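Participant: what would the 3D arrangement of this be:
(one chain, ligands or ions: 1)
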Amino acid sequence: MRDPSPASHAIAVEIAGRRWRVSSDGHDISIPLRFNEAQPTFFGAPAASAEPITAGSFVGDVRHGGSCNCSVHTLAPHCNGTHTECVGHITQERLSVRDLAIRHLSAALLISVMPESSAEISGDRVISLAALIKAIDGATLSDYQALVVRTLPNDASKLTCNYDAGPMPPYFSVDAMRHLVDHGIATLVVDLPSIDRAQDGGKLAAHRVFWGMPAGSTSAATATRQHATITEMAFIDDAVADGSYLLNLQVAPFVIDAAPSRPILLPLSPA
Ligand SMILES: N[C@@H](CC(=O)c1ccccc1NC=O)C(=O)O
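Facilitator: From the prediction side, this is the model:
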């Protein structure tokens with residue numbers, strides 16, 4: 001039998017003119033979605049649930065005598081766990097993440113950010129431009145197409161957090177988001193339920209900046225960055241070190257604005 005050690009699977013890639021070695025020893029940074037069980041929840045959405053189908057004498061549950069398991073699953077992709085969204089999240093045009101999330105492989109920088117107290121809204125914590133720059137810690141953001149943001153503190157409570165019950169979750173300042181756009185970040189992955197304040201009067205200001213839209217616009221024609229995607233409610237275990245990765249963003253092919261997704265980080269080292 002061939003040696004199955006990870007080193008034997010090492011591959012080299014060139015991304016935007018830079019050569020990297022890729023380790024096949026990847027990290028899945030999605031939250032497992034356990035239907036009818038503990039899961040994250042946001043914005044008053046019902047929990048993702050599963051119900052066996054019944055048809056005549058058939059029941060889609062082997063435990064109840066069915067020949068096989070077959071359920072109807074109900075979920076709100078934006079609210080029940082890791083999902084990737086496209087500009088169709090905020091446009092009148094019904095654009096789908098299946099069509100727009102076409103960047104399957106990107107060079108990604110993983111950073112850990114400590115949100116700061118908001119100067120504008122007492123009690124809020126924000127990823128300000130200063131907090132972002134501190135976390136980037138001298139790395140060259142424009143070498144990457146993707147940014148993965150782990151917010152601090154980080155712990156397993158993010159796997160099942162009820163974001164409606166606790167304090168307002170942190171969110172990005174518009175300045176911080178402009179910085180990402182100015183440096184060409186097209187794929188953003190965060191462990192927050194939203195990059196904007198959960199209750200923001202419908203502004204979604206950071207979302208609009210990221211998709212290159214003017215404030216208040218709901219027209220896809222105004223979006224200068226239609227292929228940019230935002231992945232929210234990822235979970236990046238502390239065992240995954242800050243640094244460079246190849247990001248493989250796998251998204252369920254739902255023809256809607258957002259779908260459950262599974263970002264995989266494969267460690268990159270300079271070749
Ligand atoms: N902040 C918006 C709502 C919002 O952003 C939102 C609502 C439901 C599910 C997801 C949302 N945003 C996610 O990025 C508002 O207050 O109208």
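
Participant: helices of the stretch 101-250 of the chain, residue ranges please.
Facilitator: 129-136, 174-182, 205-210 (DSSP state H, counting those that start in this stretch).

Participant: contacts for the shortest one, please.
Facilitator: Surrounding helix 205-210, the residues in contact under the criterion CB atoms under 8 Å, 6 or more residues apart in numbering are 89-90, 171-174, 176-178, 180-181, 188, 195-196, 214-217, 225, 228, 230. (Each C-beta comes from the backbone N, C-alpha and C, glycine too.)

Participant: now, which of these lie close to the ligand?
Facilitator: Restricting those to those near the ligand by CB under 6 Å from any ligand atom leaves Asp196.

Participant: so which of the contacts of helix 205-210 are in strands?
Facilitator: Tyr171, Phe172, Leu188, Ile230 (DSSP state E).

Participant: narrow these to those that are buried.
Facilitator: Among the ones in strands among the contacts of helix 205-210, those scoring as buried are Tyr171, Phe172, Leu188, Ile230 (criterion: 16 or more other CB atoms under 10 Å).

Participant: for the ligand, state which of the residues you listed is nearest.
Facilitator: Distances from the ligand to those, taken as CB to the nearest ligand atom, are shortest for Ile230 (7.4 Å).

Participant: quick check: that closest one vs Ala271, distance?
Facilitator: To Ala271, Ile230 is 30 Å away according to CB to CB, to the nearest Å.

Participant: and which of the ones in strands among the contacts of helix 205-210 is nearest to Arg34?
Facilitator: Nearest to Arg34 among those: Ile230, at 23.4 Å, using CB to CB.

Participant: quick one: strands adjacent to the longest strand along the chain?
Facilitator: When the chain is parsed with DSSP E, its longest strand is strand 258-270. Here strand 258-270 is paired, per DSSP bridges, with strand 18-22 (antiparallel), strand 27-28 (antiparallel), strand 83-85 (antiparallel), strand 243-251 (antiparallel).

Participant: just those: most buried one?
Facilitator: strand 83-85 (a mean of 28; mean count of other CB atoms under 10 Å).
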